[in-house]
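Engineer: sequence first, predicted coordinates after that:
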Amino acid sequence: MDKYRVALTMKERLELEQLVSVGKAAARKLTHARILLLADERLGEAYAEAEIVSALGTSLRTIERLRQRFVTEGLEAALDHRPQPPRPDKVKIKGNVEQQLLELACSDPPGGRCHWTLQLLADELVVLGLVETLSPVTVWQALKK
């Protein structure tokens, strides 16, 4: 694994020292600032990763990720946490789709079947174009409700 070398400019170093001395920021941000200050190799007094781990109580992996993020994305990205990726809408079956599901479940099953299965209901909703994909568990949760 490549070791990413942290070399802070004087402006970045002053900004981090100010942030740490004031202490009015999120704990993660302060810890990241301390890690970057200890890992700075520009002044020739960088600490070894094991020393940083014992001094700050973080994991080795955290230090490695922070070094990489600082080198590849910059100081602001290293200090601020990455936002969670947007999640798809959790409830796929609501409103009109839910009504269609109930009507379908109460109707006669397809030929050759004596009753609707969850998989058949899910497949039928996809065939009707009401949803793109649907699992039987989602159908079960909607019917349970």
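Structural biologist: Here it is on my side, so go on.
Engineer: quick one: the nearest residue to S59 once chain neighbours are set aside and R34, what's the gap?
Structural biologist: Distances taken as CB to CB, 6 or more residues apart in numbering place V53 nearest to S59, at 6.9 Å, with adjacent residues excluded. Glycine gets a C-beta too; all of them are placed from N, C-alpha and C. According to CB to CB, to the nearest Å, V53 stands 12 Å off from R34.
Engineer: what touches both of the two?
Structural biologist: With CB atoms under 8 Å, 6 or more residues apart in numbering applied, the contact sets of V53 and R34 do not overlap.
Engineer: can you tell me the helix or strand for the residue nearest to S59?
Structural biologist: For V53, the host element (DSSP states H and E) is helix 49-56.
Engineer: who are the packing partners of that helix?
Structural biologist: helix 27-39, helix 60-73 (3 or more CB pairs under 8 Å, 6 or more residues apart in numbering; DSSP states H and E).
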